[in-house]
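**Student:** The following comprises the amino acid sequence and a computationally predicted model.
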Amino acid sequence: MEAFTIDTTELLAAIERVLDPAPLMPVIAQVLVRSVEKNFQAGGRYSMGPDGQPAGGTLKWQPTKRPHSRGVLQDKGALAASIDARVDGLSVIMSSHLVYAAIHQYGGTIQHPGGTPYIIGEGGMAKFLRKDGNYPPGVQFTAPHPIPIPARPFIVVQDEDIEEIGALIAEA
């Protein structure tokens, strides 16, 4: 019987790359960071999954009531700039160091302690003042009150991200 020799070097290297996705994890993290950046640029890209958790989709964030806002979650760009992705073994952990990130991601109600100075301006609208003690006549102060904050999920994985990650794995 005749023996055949097959060079499996390339096959074994491909199997090792697939079996050890660790080298791909930093690239996958960058795919997810770019996706979150797109979420901010679009003003939200999500849907609510059957489990009640945000998933990829086309819903936009609920508009803010602040008339001077430059866009939902984008007044100064601090939240978008705070998104960090780090690789931990075979996981990508996305986070923000900002204390208010979670209330925007998941929604909730904050309890305002009150004491914010304001006056009633033209048209009956409240005009809020700085807390510097230099108040005009007729100043009033807000009472403690709840402020509902709607969920505006920004860390959301899109279907296109899954496809891009799948292509990266296939190419490895």
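**Tutor:** Yep, that arrived.
**Student:** Below-threshold pLDDT in this structure: ranges please.
**Tutor:** Residues of the chain meeting the criterion pLDDT under 70: 1-19, 66-70.
**Student:** do that again at 80, thanks
**Tutor:** Along the chain, segments meeting pLDDT under 80 span 1-21, 46-75, 172.
**Student:** where along it do the helices fall?
**Tutor:** 9-19, 25-42, 78-81, 101-106, 159-171 (DSSP state H).
**Student:** Serialize those to CSV and add fields for mean neighbour count and distance to Pro113.
**Tutor:** The C-beta positions use only the backbone N, C-alpha and C, and glycine is treated the same way. Putting the helices of the chain into CSV (neighbours: other CB atoms under 10 Å; distance: least, CB to CB, whole Å) gives the following:
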stretch, mean neighbour count, distance to Pro113
helix 9-19, 10, 55
helix 25-42, 16, 30
helix 78-81, 15, 23
helix 101-106, 16, 16
helix 159-171, 13, 40
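**Student:** okay, these in CSV with distance to Pro136 next?
**Tutor:** Putting those into CSV (distance: least, CB to CB, whole Å) gives the following:
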stretch, distance to Pro136
helix 9-19, 69
helix 25-42, 38
helix 78-81, 31
helix 101-106, 33
helix 159-171, 52
